[in-house]
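Visitor: Give me a model of this one.
(chains A, B and C)
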Amino acid sequence: MTDQIDAEGRLHHLLTLDGLPRDVLSRLLDRAQAFADGEDARGALAGKAVCTLFFEPSTRTRLSFQRAAQRLGADILNFEAASSSTTKGETARDTLKNIEAMGVQGFIVRHFADGAVAELAAAANEGAALVNAGDGRSAHPTQGLLDMLTLRQALGADFSTRTFLIVGDVKHSRVARSDLHALRTLGAGTIRVCGPASLLPDGGTLSGCEVTQDFDAALDGVDAVMMLRLQRERMVEGLVSSLDDYHRDYGLTAARLQHAATDAVVLHPGPMNRGVEITDEVADGARSLILRQVANGVAVRMAVLETLLR
Amino acid sequence: MTDQIDAEGRLHHLLTLDGLPRDVLSRLLDRAQAFADGEDARGALAGKAVCTLFFEPSTRTRLSFQRAAQRLGADILNFEAASSSTTKGETARDTLKNIEAMGVQGFIVRHFADGAVAELAAAANEGAALVNAGDGRSAHPTQGLLDMLTLRQALGADFSTRTFLIVGDVKHSRVARSDLHALRTLGAGTIRVCGPASLLPDGGTLSGCEVTQDFDAALDGVDAVMMLRLQRERMVEGLVSSLDDYHRDYGLTAARLQHAATDAVVLHPGPMNRGVEITDEVADGARSLILRQVANGVAVRMAVLETLLR
Amino acid sequence: MTDQIDAEGRLHHLLTLDGLPRDVLSRLLDRAQAFADGEDARGALAGKAVCTLFFEPSTRTRLSFQRAAQRLGADILNFEAASSSTTKGETARDTLKNIEAMGVQGFIVRHFADGAVAELAAAANEGAALVNAGDGRSAHPTQGLLDMLTLRQALGADFSTRTFLIVGDVKHSRVARSDLHALRTLGAGTIRVCGPASLLPDGGTLSGCEVTQDFDAALDGVDAVMMLRLQRERMVEGLVSSLDDYHRDYGLTAARLQHAATDAVVLHPGPMNRGVEITDEVADGARSLILRQVANGVAVRMAVLETLLR
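Guide: All right, here's what the predicted structure looks like:
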């Protein structure tokens, strides 16, 4: 479906981590690490233009990509569907083609529909590169990459002896899907997934994972706990009975974290519902890598933009 | 009314193409062509600041001007009335004078009211330059210029033997008015205008034009078809009976385009109502210059900003 | 409460002018004067990033800070609460910490709640600097500074023989509070405050001021009249009976201005309600420094950002 990578192994778009070869993924993480270490790259994309193209709002992801583009010296344009001619009936494809015609080479695209970014990539000119900044519940590859970079920094590059736990609304989470793809590619030893049955996906999404609804059991001996955000609308949909119940069963507390390995780390993609899926004590505690994830997000996005546009 | 040009023929603002001398217009097109050909001008407006001042929303036009300003190395500020102190009762004039006092030299102004940009230009300091990015139904001079650049690239600089056709809601279209002014100034051979009677203007707007409601007849032998966007609100106003009827009578189809000259080109200012005023086949076909128009838009706006602010 | 200044007298944040030592304040004004005189500082903050973080909308203040950051060569990010994950339940503190983690050093924060910016400053990392761009009715220090710079340019640096008059809704005005703090610190001779009883604050805010409800008497011999904006919602709250009454009693007209010293100057923080607290004749007259204030605003914000971030 997505030809994000050509016969010579060159990345033209970043649409998903599904099927992305390990060496491509590792090279991106290596470059990201260099940027996280402070490598100056002001001139890398000088004169090039990058446009955030958001058909679903997200301030944080947009800011992170903007900061990445700034550090690479790129010009930045911003398009948000709400204030745009989509309301005048223009298609997303026409919007892309128009901004492309303005001399923009890089597109950071977020869309509410699964597969929408890949469809747009198929319509793009040869010189243009698209980065999927989240489409439906399918993929959020830069979030997956930044999670991997964060884990690599904390646990070392060899994931084969480690146990990783993803907790929460995996069913609706593009973050979880991208994490799962990357963890498998990087040879994670054990991947556990935990959440209420109503929030766990069917089908092959969890193939190879240990799946349980018992959070305490799932935590036993894990090296990394990757919490997911609980979308409050899940309650309206009847998938979660109450925030209190959810917190009791799937909220990460300091007491619960004791079940994990002694040096286990905690990740969360943000924004957090403090007191629901995670307590303040854990979120702000010594094992939390949550702000490190945010810092790595800029570095990873620099690596992706540099790789695609240089 | 508008003194956009001084006694020495220097352009101080760009408010309208009405009355703009042919040599000024041609010089702008020549500079725009150089920018379209890739001339680097990063240093041209370094240290200068340009502000988009939009009292009517338009993402595409704003992005095009921003890209132009970026390629000229200018700093960019953005003001949109919706999120502004106009809601606190400040006048547009006070807003302009304030941003001017912040050290901004160039203003890209869009306003819903006819003549509003010229009024603001009259209030500006000597060092400030205003570009009309669309006011009411009066003028959209940079759109007129980019259309002329696109036509010149396709047909050559001599318009005197050519036939041009403008189709659609001419009555409410500032694009059509600016195109008409520019076509006359550049010595267009024949200008035809076609649309339903309810969407054709009274008075002198169409002086010298061949006017008809018969689209097939109008197309006969034309070198360029310049389609206009149908504002959907025209239906609510009762000026158009239905989108289907409009498409039947004034939609440009591949079959219809056969009436035109064999190498006739098709323009549309965007955003398009695909399936209404134009079919996919034509919009995306070999004769369509629609994306070329968008690319030329950046080049033309660079030429205008450079001319006004250097 | 706010430790904006350390033991060595270095400014780490700018939260309030309350208690800011005279030498610190004067140094800021001196640097601002240099920037107002055109000092080029493109390289001062090159590679550094500044984020506007607005939990209450304000286009003008945001533009002024953006222009200041541009003139210092900083990268700029923008966050507005309305289009942000605060709607997803994230706290302001988490938002700050996240953007900080993205590698942003400077934060321009506006918040609707008193003290909110100081709270955020307490949560910031050591390397980060916050500028209060207005919190509740407490403080708007850069507005206070730009007013002082404007007054110094007009009256000279010695305020001790001068009489200053602040007029209007002092009770709800953070501008008035910051002006009062700065005027006292700079040794203003006489400070008068005038407004309807319903719009004058209780407690110590006006300590040392001459307070009156009689505008004509208050104007007698003053060197500077500092008008405040009347928030129209004060009528809804019943604090002002009508705009007409307010104008009659507290509107600054040319006739009224005759009571002041012959070379008295007029300030207003904008946006103005023309015809309410000030007439066109005064606002646009020879004694008005209102646009000079706006110009000085950029210079003052440059001085603050340079001082905090260099």
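Visitor: For stretch A:200-210, give me every contacting residue.
Guide: By C-beta atoms under 8 Å, 6 or more residues apart in numbering or on different chains, the list of residues contacting stretch A:200-210 from outside reads A:170-171, A:177, A:180, A:184, A:190-193, A:211, A:213, A:218. C-betas here are computed from N, CA, C, even on glycine.
Visitor: Buried among the residues you listed? Need that as a selection in ChimeraX.
Guide: Selection of buried members from the contacts of stretch A:200-210 for ChimeraX, criterion 16 or more other C-beta atoms under 10 Å in any protein chain shown:
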select /A:170,171,177,180,184,190,191,192,193,218
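Visitor: Let me see the ranges of the strands in the stretch 101-250 of chain A.
Guide: Assigned by DSSP state E, counting those that start in this stretch, the strands in the stretch 101-250 of chain A fall at A:106-111, A:129-135, A:163-167, A:190-194, A:210-212, A:224-227.
Visitor: What is the second one packed up against?
Guide: Packed against strand A:129-135 by the contact rule (3 or more C-beta pairs under 8 Å, 6 or more residues apart in numbering or on different chains; DSSP states H and E) you find helix A:59-71, strand A:106-111, helix A:116-123, helix A:141-155, helix A:290-309.
Visitor: got the CA positions of it in PDB?
Guide: C-alpha atoms of strand A:129-135 as PDB (Å, rounded to 0.1, in the frame of the first residue of the first chain):
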ATOM      1  CA  ALA A 129       8.000  14.100   1.300                       C
ATOM      2  CA  LEU A 130       5.200  13.400   3.700                       C
ATOM      3  CA  VAL A 131       5.500  12.600   7.400                       C
ATOM      4  CA  ASN A 132       2.500  11.000   9.000                       C
ATOM      5  CA  ALA A 133       1.900  12.900  12.200                       C
ATOM      6  CA  GLY A 134      -1.000  10.700  13.100                       C
ATOM      7  CA  ASP A 135      -3.800   9.200  10.900                       C
END
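Visitor: What is the burial count for A:Leu228?
Guide: Neighbour count of A:Leu228, defined by other C-beta atoms under 10 Å in any protein chain shown: 23.
Visitor: how about the nearest residue to it once chain neighbours are set aside, what does it touch?
Guide: Computed as C-beta to C-beta, 6 or more residues apart in numbering or on different chains, the closest residue to A:Leu228 that is not its neighbour in sequence is A:Gly168, at 3.3 Å. Applying C-beta under 8 Å, 6+ apart to A:Gly168 gives the contacts A:176, A:194-195, A:199, A:227-230, A:250, A:277.
Visitor: would you turn the residues you listed into CSV with distance to A:Arg301 and pLDDT?
Guide: Shown next, in CSV, are the contacts of A:Gly168 (distance: C-beta to C-beta, whole Å; pLDDT from 0 to 100):
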residue, distance to A:Arg301, pLDDT
A:Ala176, 20, 98
A:Cys194, 29, 98
A:Gly195, 28, 97
A:Leu199, 28, 96
A:Met227, 22, 98
A:Leu228, 21, 98
A:Arg229, 20, 96
A:Leu230, 25, 94
A:Tyr250, 30, 97
A:Glu277, 25, 97
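Visitor: Need the max-distance pair from these.
Guide: Every pair in those was compared (C-beta to C-beta); the two farthest apart turn out to be A:Cys194 and A:Arg229, at 15.0 Å.
Visitor: More neighbours: those two, which one.
Guide: A:Cys194 (26 against 22).
Visitor: who in chain A is up against chain C?
Guide: A:40, A:42, A:57-60, A:63-64, A:66-67, A:70-71, A:80, A:232, A:270-274, A:291-292, A:294-295, A:297-298 (C-beta under 8 Å from any C-beta of the partner chain).
Visitor: hang on, the earlier thing: could I get the strands of the stretch 101-250 of chain A in CSV, plus columns for distance to A:Lys48?
Guide: Shown next, in CSV, are the strands of the stretch 101-250 of chain A (distance: least, C-beta to C-beta, whole Å):
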stretch, distance to A:Lys48
strand A:106-111, 7
strand A:129-135, 10
strand A:163-167, 36
strand A:190-194, 38
strand A:210-212, 44
strand A:224-227, 34
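Visitor: Among those, which comes closest to B:Gln143?
Guide: strand A:106-111 (24.3 Å).
Visitor: any residue of that closest one up close to chain B?
Guide: No: for strand A:106-111, no contact with chain B is found by C-beta under 8 Å from any C-beta; the gap never falls below 12.5 Å.
Visitor: Parallel or antiparallel, list what pairs with that strand.
Guide: strand A:49-54 (parallel), strand A:129-135 (parallel) (DSSP bridges).
Visitor: Outside of the last one itself, list whatever touches it.
Guide: Residues outside strand A:129-135 that contact it (C-beta under 8 Å, 6+ apart) are A:12-16, A:52, A:54, A:56, A:58, A:61-62, A:65, A:105-118, A:120-121, A:124, A:139-143, A:174, A:301, A:304-305, A:308-309.
Visitor: Can you tell me which of those residues are buried?
Guide: A:12-16, A:52, A:54, A:56, A:58, A:61-62, A:65, A:105-111, A:115-118, A:120-121, A:124, A:139-143, A:174, A:301, A:304-305, A:308-309.
Visitor: And chain A, split by domain according to the record?
Guide: A:22-139+A:296-309, A:141-293 (automatic domain parsing).
Visitor: So, low pLDDT: which residues of the stretch 201-310 of chain A?
Guide: Of all residues in the stretch 201-310 of chain A, none has pLDDT under 70.
Visitor: anything in stretch A:303-310 near chain B?
Guide: No: Stretch A:303-310 lies out of reach of chain B by C-beta under 8 Å from any C-beta, never closer than 15.6 Å.
Visitor: Pull the distance from that stretch to the chain's centre.
Guide: In terms of C-alpha atoms, centre = their mean, to the nearest Å, the centre of stretch A:303-310 is set 17 Å apart from its chain centre.
Visitor: The residue of the stretch 151-300 of chain A found nearest chain B: neighbour count?
Guide: Closest approach between the stretch 151-300 of chain A and chain B, counting by C-beta to the nearest C-beta: A:Val298, at 21.3 Å. A:Val298: 27 surrounding residues under other C-beta under 10 Å.
Visitor: one step back: list only buried entries from the contacts of A:Gly168.
Guide: A:176, A:194-195, A:199, A:227-230, A:250, A:277.
Visitor: Show me which of these is closest to chain C.
Guide: A:Arg229 (8.2 Å).
Visitor: Give the full set of residues in contact with that closest one.
Guide: A:Arg229 makes contact with A:168-169, A:173, A:268-273, A:277, according to C-beta under 8 Å, 6+ apart.
Visitor: just for the stretch 1-150 of chain A, where's the confidence low?
Guide: A:1-2, A:82-89.
Visitor: Please repeat the previous calculation with a cut-off of 90.
Guide: Within the stretch 1-150 of chain A, the segments meeting pLDDT under 90 span A:1-3, A:6-9, A:57, A:81-91.
Visitor: what's around the residue lying closest to A:Met148 once chain neighbours are set aside, how many residues?
Guide: Spatial nearest neighbour of A:Met148, chain neighbours left out: A:Ala182 (4.9 Å); criterion: C-beta to C-beta, 6+ apart. Using other C-beta under 10 Å, A:Ala182 has 25 neighbouring residues.
Visitor: contacting residues around A:Ala182?
Guide: A:Ala182 touches A:17, A:20, A:25, A:144-145, A:147-148, counting by C-beta under 8 Å, 6+ apart.
Visitor: Just the buried subset of those, written out for ChimeraX, thanks.
Guide: If you want just the buried ones from the contacts of A:Ala182 in ChimeraX, going by 16+ other C-beta under 10 Å, the selection is:
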select /A:17,20,25,144,145,147,148
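Visitor: Could you identify the pair within the contacts of A:Ala182 that is furthest apart?
Guide: A:Leu20 and A:Asp147, at 14.1 Å, using C-beta to C-beta across those.
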